[in-house]
Every structure is written in structure tokens, then in C-alpha cells.
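[1] here's my sequence, what's the structure:
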Amino acid sequence: MDQATSNEASEGMGVFERYLSVWVALAIVAGVGVGQWAPQVPALLSRFEYAQVSIPVAILIWAMIFPMMVQIDFAAIAGVGRQPRGLVITTVVNWLIKPFSMFAIAWFFLVVVFEPLIPADLAREYLAGAILLGAAPCTAMVFVWSYLTRGDAGYTLVQVAVNDLIMLVAFAPIVVFLLGISDIQVPWNTMLLSVLLYIVIPLAAGYATRRYLVARRGENWFERVFRRRIAAVTPTGLILTLVLLFAFQGDVILANPLNIGLIAVPLIIQTVLVFAIAYGWAQRWRVPHNVAAPGAMIGASNFFELAVAVAISLFGLHSGAALATVVGVLVEVPLMLALVRYANRTRGGFVAGVAPAGRVA
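    Numbering: from 1, shown residues only. From the prediction side, this is the model:
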């Protein structure tokens, strides 16, 4: 990465975001260590369940997701008409291409190419985790990628807000369909409950909280005080969730350490492919770079917090699906930073940027 991009990364990303892969790796080590040397901890926590849902994990998942939902300002959608092509590209890639390309690539590698290395049942669980990642476009980290590529922050907000609204109705049908053709049966009521718990309720709660606090204390206080106060909640929830997950997954990982690398292969290929489709399409349509780059980043990266949450809810902490979603967390940041570098180096191939649509939420 060149010096200018490195400096932007230092300013745009906090310590947690810059070293996310490191924290995930440390969470893996800590979780495996807890599972091996203090097995009474996961055994005790597993007793706190209701309707097969782990209460401690549910609390941590909410801690991950809510701070992201509270920053979405749906009023920004009013500015969508200013650059309709950018939104068309983002929407088509995220919902008509990405979930299905993820399924195809993950199935090819995990079920066919790696068949001698991964048992069939476990391969299907890994495939389920990949499907969940593919059906959840990025919601929060994309603001960082937008900043690092000098993106139009207001338009990025529009893209994210529209994706969140589509996610309310499209996530469950796409996931159930792709799991079904993968011979992985998930009851509709279970899937809909997961969408309710981890999309609808956090999104509604975030919207209501934002509206209330802005009306009561002002937008400046919300942005400069409240968001800073809750900034540490998401990373804390994510890391603690991963520690718990790997405490339960420790035996599987120690028995099959190669599997983490195998899972990463289709995820990396998928990320680069989706970015290339969206970025190349935007260039051919003469979409300005400050709209094209963040739009491509939305499709390339994933709402991995949601994917982890739904994988745990549907398949359990011990599942290969949950492990696959965490591998997605592990590979995303270094890969996305490489794509940021590429986007910045190819800025000259795009038309000039447009006037800022407004400030990021």
C-alpha cells in the first residue's frame, strides 16, 4: 500500500478495524485455549439456553449489531436520484449476483475440489456458512472503505440504507432457497425468527434510538458523543462471541487445522470476483469513482456480524457453518485493504467525481 493510502487508513480506521484479523486470530487462540484448559466455562454457559438459543451469545450478538444499525439514516434515500446508475449496480450485484456466485464458488471448492480433504457432511456445513456470508452485503465497514477510497460519503449512506431495506425481505428467501438446493434443510419459522431477531428488531431499535436522540439532544451530540460512547460495543461483542464460538469449536479445529485455509479459498475468490464485476461495470457505465469504489466495496465485503449471528442461531455454536462465517471475518480486512489500494491506483480510469451528497451518518 502506498504512503498516502497508508496514512488514510490510519486516520479512517481505529485500532480495532486496522488489526481486525489479528484480533480474530487472538480470539481463536483464546477460545481454543478456554475449550481445552477450562472446559467448565463453555459447559456452564451452554446451560443458559431458551428454545435452543444461547442467551449469552444472543446478548453478545445484539451488542455487535445494534451499534451498526443505529448509524443508518434512512432519510438519505431521498438523494438517490442524483446518481441512479451507482445504486442500480450495487443493488443488482448484491442481490442478483453475489449470493448465487458465492454458492457456486463455495460449492465447487468445498464439495467438489476439496472432497478428498473435507467430509461430505462438514463440507455442507461450511457451504451453509458461505451462503450466509454471500446473502449479507456489508453495512458498517463499508463506511471505512468509502473513506479510504475518497468516496462520496452521502451516497455510500444511500447505498447502505437501500441494502438494509432490501435485506428485510430478501435475506431469508435467498438463504432458504440456496440452502435447500444444497440439501441443507432449514425450517422457514427458524429462518424468519433469525431475521426478526437479528435484522428487523435491531434495525427498528436503531432507527427509533437515532430519531429519539437526535430530536432530544441534536445531531451534533449524536455524532460526536453518543456514537463515540458506543464505538467499543461492537468490537467487544464480536471478540467475545468469537472466543465463545472457538471454545466450543476447539476440538474440531485442532483435529482439522487445514480446514480454515480451505474455507478461505472460495471466500477470497468470491470477494475479488464480486468487486471486479461491480467496479468494471461502474467504469463501463461512466459512474464517478467516488460512487463506483464504495459501491464495489459493499458487494465485495460482508455483513459478517449478521452471518455469524444467523449461523449460530440456525446451526449452533458447534457447527461448521458458524466456523465458516468466522473465517470470513478473518480474511476480510487484509483482502479489502488490498482492494482499496487497487481502487485508489485506478482512479484515473473513471470520470470526475460528483458533488458530495451529504455527510455520512
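[2] can you give me the strands for the stretch 1-150 of the chain?
    Counting by DSSP state E, counting those that start in this stretch, the segments of the stretch 1-150 of the chain that form strands are 49-50, 53-54.
[3] which ones are touching the residue nearest to Ile65 when sequence neighbours are not counted?
    Spatial nearest neighbour of Ile65, chain neighbours left out: Pro202 (4.6 Å); criterion: C-beta to C-beta, 6 or more residues apart in numbering. The way it works is simple: take the backbone N, C-alpha and C, and place the C-beta from them, glycine included. Contact analysis of Pro202 by C-beta atoms under 8 Å, 6 or more residues apart in numbering lists Trp62, Ile65, Phe66, Met69.
[4] for Val111, same thing?
    Ala120, Ala123, Arg124, Leu127.
[5] name the helices or strands packed onto the helix or strand hosting Asn259?
    Under the criterion of DSSP states H and E, Asn259 resides in helix 258-284. If contacts are counted by 3 or more C-beta pairs under 8 Å, 6 or more residues apart in numbering; DSSP states H and E, helix 258-284 sits against helix 84-92, helix 98-106, helix 120-134, helix 233-255, helix 289-300, helix 320-345.
[6] tabulate those helices in JSON lines, adding columns for distance to Leu179.
    Formatted as JSON lines, the helices and strands packed on helix 258-284 follow (distance: least, C-beta to C-beta, whole Å):
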{"stretch": "helix 84-92", "distance to Leu179": "23"}
{"stretch": "helix 98-106", "distance to Leu179": "9"}
{"stretch": "helix 120-134", "distance to Leu179": "6"}
{"stretch": "helix 233-255", "distance to Leu179": "20"}
{"stretch": "helix 289-300", "distance to Leu179": "21"}
{"stretch": "helix 320-345", "distance to Leu179": "10"}
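[7] mean neighbour count and distance to Met167 added to the ones you listed, as TSV?
    Shown next, in TSV, are the helices and strands packed on helix 258-284 (neighbours: other C-beta atoms under 10 Å; distance: least, C-beta to C-beta, whole Å):
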stretch	mean neighbour count	distance to Met167
helix 84-92	20	11
helix 98-106	22	11
helix 120-134	24	12
helix 233-255	20	18
helix 289-300	29	12
helix 320-345	22	16
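[8] check these for me: which has the lowest mean pLDDT.
    Among the helices and strands packed on helix 258-284, helix 233-255 carries the lowest mean pLDDT, at a mean of 75.
[9] now the helices for the stretch 1-150 of the chain?
    Applying DSSP state H, counting those that start in this stretch to the stretch 1-150 of the chain gives helices spanning 3-12, 15-18, 20-37, 40-45, 55-69, 84-92, 98-106, 120-134, 142-148.
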